[in-house]
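Student: Need coordinates for the following:
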Amino acid sequence: MFRGMLLGMILLAGGVYAMDSMADAGQKPIVNWDVAVAKSIDAANFVRARVARLIDQAEATPSARVARSAANQY
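Tutor: Presented below is the predicted three-dimensional model:
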């Protein structure tokens, strides 16, 4: 299901880009590509910062030691 949604998004963006690139000089493009690129860069930077923060938190948190008992046979 996820692959189908991803494929649909890629096809949609590709179709809109194709329509904008084939448009006449007088026609207004469907998408302002300069703004779209800036927004995608901002979104990627946001995700990178959040992932880096999660990794830092995971590395800083000490893991709890598990005491061995008779019930825990390894």
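Student: pLDDT weak spots in the protein?
Tutor: Across the chain, residues meeting the criterion (pLDDT under 70) sit at 64, 66-74.
Student: Looking at it, which helix is longest?
Tutor: Criterion DSSP state H: the longest helix present in the chain is helix 33-60.
Student: Could you give the separation of that helix from the chain centroid?
Tutor: Between the centre of helix 33-60 and the centre of its chain there are 8 Å (Cα atoms, centre = their mean, to the nearest Å).
Student: same check, this time on stretch 41-61
Tutor: Chain-centre distance of stretch 41-61: 12 Å, with Cα atoms, centre = their mean.
Student: and it, C-alpha only, in PDB?
Tutor: C-alpha atoms of stretch 41-61 as PDB (Å, rounded to 0.1, in the frame of the first residue of the first chain):
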ATOM      1  CA  ILE A  41      14.700  21.800   1.300                       C
ATOM      2  CA  ASP A  42      13.100  23.300   4.500                       C
ATOM      3  CA  ALA A  43      11.200  20.000   5.000                       C
ATOM      4  CA  ALA A  44      14.300  17.900   4.500                       C
ATOM      5  CA  ASN A  45      16.300  20.000   7.000                       C
ATOM      6  CA  PHE A  46      13.500  19.800   9.500                       C
ATOM      7  CA  VAL A  47      13.500  16.000   9.300                       C
ATOM      8  CA  ARG A  48      17.300  15.800   9.500                       C
ATOM      9  CA  ALA A  49      17.300  17.900  12.600                       C
ATOM     10  CA  ARG A  50      14.500  15.800  14.300                       C
ATOM     11  CA  VAL A  51      16.300  12.500  13.400                       C
ATOM     12  CA  ALA A  52      19.600  13.900  14.800                       C
ATOM     13  CA  ARG A  53      17.800  15.000  18.000                       C
ATOM     14  CA  LEU A  54      16.200  11.500  18.400                       C
ATOM     15  CA  ILE A  55      19.600   9.800  17.800                       C
ATOM     16  CA  ASP A  56      21.300  12.100  20.400                       C
ATOM     17  CA  GLN A  57      18.600  11.400  22.900                       C
ATOM     18  CA  ALA A  58      18.900   7.600  22.300                       C
ATOM     19  CA  GLU A  59      22.600   7.700  22.700                       C
ATOM     20  CA  ALA A  60      22.500   9.800  25.900                       C
ATOM     21  CA  THR A  61      19.900   7.600  27.600                       C
END
